[in-house]
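S.K.: okay, predicted coordinates and the sequence, questions at the end:
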Amino acid sequence: MDHFTQTAWLIPLFPLAAFLLLTALGRSYRKAGVLIGSIGSLAALVMSLLVFFERLGSDAVDYSNSFKWIDFGDVTFRIGFEVTNLNALMLVIVTVVSFLVNVYSAGYMKKDERITVFYGYVALFTFAMLGLVLSDNMLIFYIFWELVGVCSFLLVGFWYAKPAARAAAKKAFIVTRIGDAGLLLGIIVLFWYMPGHALDFSNIHNVFNEGQSGAITMSITTSIALLLFMGVIGKSGQFPLHLWLPDAMEGPTPISALIHAATMVAAGVFLLARTFDIFEASAAAMHTVAYFGGFTAIFAATIAIAQKDIKRILAYSTISQLGYMVMAMGLGSMTGGIFHLFTHAFFKALLFLAAGSVIHTVHTQNIHEMGGLSSKMRVTTWTFAIGALSLSGIPPFSGFWSKDTILATALDENPFLFAVGLAAAFCTALYMSRLFFIVFTGKSRLPHSVEVRESSKVMTIPLLVLAVLSVGAGFVETPWNGWLGKWLTGGAEEAHASGAAIVASIAVGVLGIYIGWLMYGKSSIERGAASARMPWLANVLEKQYYINEFYTVAIVKPVRGLGKGLNAVDEYVIGGAVRFIGLAAGAGSRVLNRLNNGQTQTYGLTAMIGLVVIIAAIVGRRFW
């Protein structure tokens, strides 16, 4: 009896209750706010684990439950939830990271006057993501998808007194709306061609996987898939809608960890997995997804090499790793994409929270203003190192196993994308070793007034937990043990094992770290050697290929110009006409008021003038 699975709808209600209670209490209950937010996330975590462990049983079957919401002609839209192995895993990912972020934030946000508001926003964010994960149809999924976007706007712009935070929040909201418009259109087209099936995920599986597509031609299938993929591009920061993600670093660092590890950016990859049957039905869509992911992986990895802001380096790292996940999906490996999402959630949350520990102490995000932190911040140093090694794909850390799964698939399916993946892996190891050696080794470049000390236990304990997960989480799917893939797909997808991919992956990772150590650790290679020889390339990478500048010239300025033009038309043409009519009416009323003064001679003069005008008009007609 799947008791916990049947009550999985309770999971999002715990953070929702925390949000409502925190909103009712207001800002004055600071300690209570931290406690309520943390308890809400802990309750959701415990319930998610119970559901997850229940799903591990061999007799577990997919479960869904819903009730009628709207009757639309012959179609009934329902509200409900669905529990599968896929979303049971996602529930654990979201709630583990959310709970640890709540605990960590008690130290990081301790002095913030709006800490209760912060915890309320985090609770709402967690509720939205959990609701998205449990949704049993595309319509409810889209509602929660948009709520996730709203919450990201609130949290990225949490320090709204800073102009940069306000600009970043607006940028994140507007850019992701572009992708969301495509997603909404895809949902509409999907409904149009399968109205009798509504939009339930189970029906989508039946229609596209079981060969019941009927009137849905290959071109329509491809169109639906690509429209849905637009939503993935926006939410999961794929090129060309990636540029909101680095700017989102203006929010508090715990939020960066939550967005990058388990919520907003994970939603796009999760959407790919939930609608994987549609994509699999179109070879063109699968190729598009794979190449977009591969390009994004190498594109973002090269940018990260030249960044100076510790959080921006990690942000571009996230974009690159999301590219790996998307590439895996496009190559047909849903297991590879979800496996990397699973491991990435832990080591990326670890890296962001460790970076937050550094920022909280040194009060700067510029890595060139740091240095020598390892002697004073041992826990932060070692946990960051574990996260960096996992991200760099060094065995036995979890990132190696998930990245190797993707590279093995690429080697089998598309050697070109395998080469792209290897290049991105080398860049990843290089920029993470650069980041680690500059920040934690060598001489300190901090002002003498800055006292460096380890963060409080409420911040370091989550780092230790995530470090353990970053080491051990990868063993759920190894070349000799394909447990995760079999559990996720019911045995439909076998594990990809390739000795060549393993050797190549380790080699490029070790090479990247070694070169990074020579340049930034040992200093036997001059740091500025490459930029001195190719200053143009260094400038291009530091400016992120001038994508922001291009969008400003090609889109932002023309749209602003159009807006100013329309505003001028509104103000001077339409508004001017309205003002002229008003002035004319006022002037006419004043003239009539003067004429209507009760004096007989005035009325006689007016009548005479009118008569002269009439006679002149009649005479004028004869001459014309």
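M.R.: Sure, I can see it.
S.K.: show me what contacts residue 44?
M.R.: By Cβ atoms under 8 Å, 6 or more residues apart in numbering, the contact set of residue 44 is 11, 12, 14, 15, 95, 98, 99, 126, 130. All C-beta atoms are positioned from the backbone trio N, CA, C, and that covers glycine.
S.K.: typo on my end, it should be residue 455
M.R.: By Cβ under 8 Å, 6+ apart, residue 455 lies in contact with 107, 357, 360, 361, 377, 379, 380.
S.K.: tell me the SS of it?
M.R.: coil (DSSP: H, G, I helix; E, B strand; the rest coil).
S.K.: returning to what we had before: compare the contacts of residue 455 and tell me which is most surrounded.
M.R.: residue 357 (28 neighbours; other Cβ atoms under 10 Å).
S.K.: for that residue, what are its contacts?
M.R.: By Cβ under 8 Å, 6+ apart, the neighbours of residue 357 are 377, 380, 455, 459, 460, 463.
S.K.: and it, how far from residue 108?
M.R.: Note on residue 357: its distance to residue 108, by Cβ to Cβ, to the nearest Å, is 8 Å.
S.K.: shared neighbours of the two, anything?
M.R.: By Cβ under 8 Å, 6+ apart, the residues touching both residue 357 and residue 108 are residue 459.
S.K.: point out where this protein drops to low pLDDT.
M.R.: 1, 58, 195-198, 210-215, 491-497, 527-532, 592, 594-603, 620-624 (pLDDT under 70).
S.K.: find the centremost residue of it, please.
M.R.: With distances taken as Cα atoms, centre = their mean, residue 265 lies nearest the centre of the chain, 3.0 Å away.
S.K.: is residue 395 in a helix, a strand, or coil?
M.R.: Per three-state DSSP, residue 395 ends up coil.
S.K.: give me the number of residues near it?
M.R.: Neighbours around residue 395, by other Cβ under 10 Å: 17.
S.K.: before we move on, what about residue 453?
M.R.: Other residues near residue 453 number 8, with proximity taken as other Cβ under 10 Å.
S.K.: quick one on the thing from earlier: reformat the contacts of residue 357 as JSON lines; add secondary structure.
M.R.: Formatted as JSON lines, the contacts of residue 357 follow (three-state DSSP):
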{"residue": "377", "secondary structure": "coil"}
{"residue": "380", "secondary structure": "helix"}
{"residue": "455", "secondary structure": "coil"}
{"residue": "459", "secondary structure": "helix"}
{"residue": "460", "secondary structure": "helix"}
{"residue": "463", "secondary structure": "helix"}
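S.K.: which one of those residues is nearest residue 405?
M.R.: Checking the contacts of residue 357 against residue 405 with Cβ to Cβ, the nearest one is residue 463 at 26.2 Å.
S.K.: once you drop chain neighbours, what's closest to the closest one?
M.R.: With Cβ to Cβ, 6 or more residues apart in numbering as the criterion, residue 463 has its nearest non-adjacent residue at 4.2 Å, and that residue is residue 383.
S.K.: tell me which element the one you found falls in.
M.R.: helix 378-391 (DSSP states H and E).
S.K.: now the residue nearest to the centre of the chain, what's its secondary structure?
M.R.: Following three-state DSSP, we place residue 265 in the helix state.
S.K.: look up phi and psi at the nearest residue to it once chain neighbours are set aside.
M.R.: Computed as Cβ to Cβ, 6+ apart, the closest residue to residue 265 that is not its neighbour in sequence is residue 236, at 5.0 Å. With angles defined as degrees, to the nearest 10, residue 236 sits at phi -100, psi 20.
S.K.: so who does residue 236 touch?
M.R.: Per Cβ under 8 Å, 6+ apart, neighbours of residue 236: 265, 266, 267, 268, 269, 322, 325, 326.
S.K.: run the last query once more with 10 Å
M.R.: 176, 179, 229, 242, 245, 264-272, 293, 296, 318-319, 322-323, 325-326, 341 (Cβ atoms under 10 Å, 6 or more residues apart in numbering).
S.K.: the longest helix seen in the chain - contacts with which helices or strands?
M.R.: The single longest helix within the chain, with elements called by DSSP state H, is helix 163-193. For helix 163-193, the elements it packs on are helix 138-156, helix 201-209, helix 218-235, helix 244-247, helix 264-274, judged by 3 or more Cβ pairs under 10 Å, 6 or more residues apart in numbering; DSSP states H and E.
S.K.: just put those helices in a markdown table and tack on distance to residue 524.
M.R.: Below are the helices and strands packed on helix 163-193 laid out as a markdown table (distance: least, Cβ to Cβ, whole Å):
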| stretch | distance to residue 524 |
| --- | --- |
| helix 138-156 | 41 |
| helix 201-209 | 55 |
| helix 218-235 | 42 |
| helix 244-247 | 31 |
| helix 264-274 | 37 |
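S.K.: out of those, flag the one nearest residue 526.
M.R.: Residue 526 lies closest, by Cβ to Cβ, to one member of these: helix 244-247, at 27.8 Å.
S.K.: show me what that closest one is packed up against.
M.R.: Secondary elements touching helix 244-247 (3+ Cβ pairs under 10 Å, 6+ apart): helix 138-156, helix 163-193, helix 218-235, helix 253-261, helix 283-304, helix 310-330.
S.K.: ok, which of these comes nearest residue 423?
M.R.: Closest among these, using Cβ to Cβ: helix 283-304, at 5.5 Å.
S.K.: now do the buried residues in the closest one.
M.R.: 285-286, 288-304 (16 or more other Cβ atoms under 10 Å).
S.K.: now the angle from it to helix 218-235?
M.R.: Angle of helix 283-304 versus helix 218-235, following axes from the mean of the first three to the mean of the last three Cα atoms, to 10 degrees, is 20 degrees.
S.K.: for helix 283-304, the distance to its chain's centre please.
M.R.: Mean-position distance between helix 283-304 and its chain equals 16 Å (Cα atoms, centre = their mean, to the nearest Å).
S.K.: elements contacting that helix?
M.R.: helix 218-235, helix 244-247, helix 264-274, helix 276-280, helix 310-330, helix 398-413, helix 415-440, helix 535-542.
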